[in-house]
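Participant: Dropping the sequence and predicted coords here.
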Amino acid sequence: MAATTDFFELPQEEKAPFYSTDPTKQVKILNYFVIDGTQNKVSMWSECFAHPWLPLDDDIFHLLPQNPPQYREVVAEYAKEIGVLMKRLLSLISQGLGLEKDCLEKKLGEKPQGRLQANYYPPCPDPDLTLGLNVHTDICALTIVRPSEGVNGLQINKDGKWVAVESIPNSFVINLGDQIQVMSNGRYKSVHHRVVTNKTQKRVSVATFYSPRSEAVIGPIEELIDEQNPPLYRNYQYSEFLEEFFKQEGTRRMVKEVFEFKT
Ligand SMILES: O=C(O)CCC(=O)C(=O)O
Ligand SMILES: [Fe+2]
């Protein structure tokens, strides 16, 4: 967390080379936005630094910041541990669905892709006017979030109401993503969430996303389909899902809904 916070708090000129809106750039700082009624882009009250963590090969490693000096080593170590935890969680979720331990991992395919997104939310003079991150579901399979301690901000939508996720020391927040909702044929839900800001304290979080690679074919798992439980989604290549995601940029995204069978 310190390495991430230090990176965000570097002088602007040191961070400048990382700012980019190019979707193909692997390591970059980005600002999420919403498109308002007059087609203007309205920026969220946050800055996000994103890059791959799986695989973290030499090419990517050398694109990571050299300042703060410990950034690369800390991320490499964190990536290793998160990889182990992701596998463990996927195995538990598979068993929770009554499937073989390695079912979800196998269905997500070889060479899964992991992206890390560090989010920096500065104090906001009027938190009622904006959000740190707009309401969304994570499009990946699974997300592990490490939030800064003692500062709330993340909220999930439960039965139409926003509920604060309390920050608990030394803990992670696990979000099920859209791909788990589709693969479990709707038994697990990818939760709608958003981040609110506050007037006095900055907040930092590090989200690590785990996704299939773009060639993988995703759909409801056969063992979970029968007469009572017909498939809710059609099979798709993950690249199609990503294409739809980018098409809906700046809107209240409804990506997996595009792949639903309409009844
Ligand atoms: O800041 C947080 O706690 C959540 C971040 C998040 O939802 C995301 O990066 O997708
Ligand atoms: Fe999220």
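Facilitator: Arrived safely, thanks for sending. Ligands and ions are numbered 1, 2, ... in the order given.

Participant: tell me which parts of the stretch 101-250 of the chain are close to ligand 1?
Facilitator: The stretch 101-250 of the chain comes close to ligand 1 at residues 117, 119, 133, 138, 145, 147, 154, 193, 195, 205, 207, as judged by CB under 6 Å from any ligand atom. Just so you know, the C-beta spots here come from the backbone N, C-alpha and C atoms, and that holds for glycine as well.

Participant: what's the closest non-adjacent residue to the third one?
Facilitator: I take that to be L133. In space, and not counting its chain neighbours, L133 is closest to V195: 4.1 Å by CB to CB, 6 or more residues apart in numbering.

Participant: pLDDT wise, what is the one you found at?
Facilitator: On the pLDDT scale, V195 is placed at 96.

Participant: what's the answer for G96, then?
Facilitator: For G96, the predicted pLDDT is 97.

Participant: ditto for the one 5 residues further on
Facilitator: What the model reports as pLDDT for K101 is 98.

Participant: how much space between it and N185?
Facilitator: Applying CB to CB, to the nearest Å, the value for K101 to N185 is 19 Å.

Participant: higher neighbour count, these two?
Facilitator: For K101 versus N185, neighbours defined as other CB atoms under 10 Å are more numerous around N185 (20 against 13).

Participant: where along the stretch 101-250 of the chain do the helices fall?
Facilitator: Here the stretch 101-250 of the chain has its helices, by DSSP state H, counting those that start in this stretch, at 103-108, 178-183, 238-247.

Participant: gap between the last one and the chain center?
Facilitator: Which is helix 238-247. 15 Å (CA atoms, centre = their mean, to the nearest Å).

Participant: same check, this time on stretch 237-252
Facilitator: 14 Å.

Participant: circling back to that earlier point, which two from the residues of the stretch 101-250 of the chain next to ligand 1 end up farthest apart in space?
Facilitator: D138 and P147 (14.6 Å; CB to CB).

Participant: Scan the chain for its longest helix.
Facilitator: helix 71-96 (DSSP state H).

Participant: on that earlier part again, the residue nearest to L133: what's it in contact with?
Facilitator: By CB atoms under 8 Å, 6 or more residues apart in numbering, the residues touching V195 are 46, 119, 121, 131-133, 153-155, 203, 205.

Participant: Excluding residues flanking it in the chain, which one is nearest K111?
Facilitator: R213 (5.0 Å).
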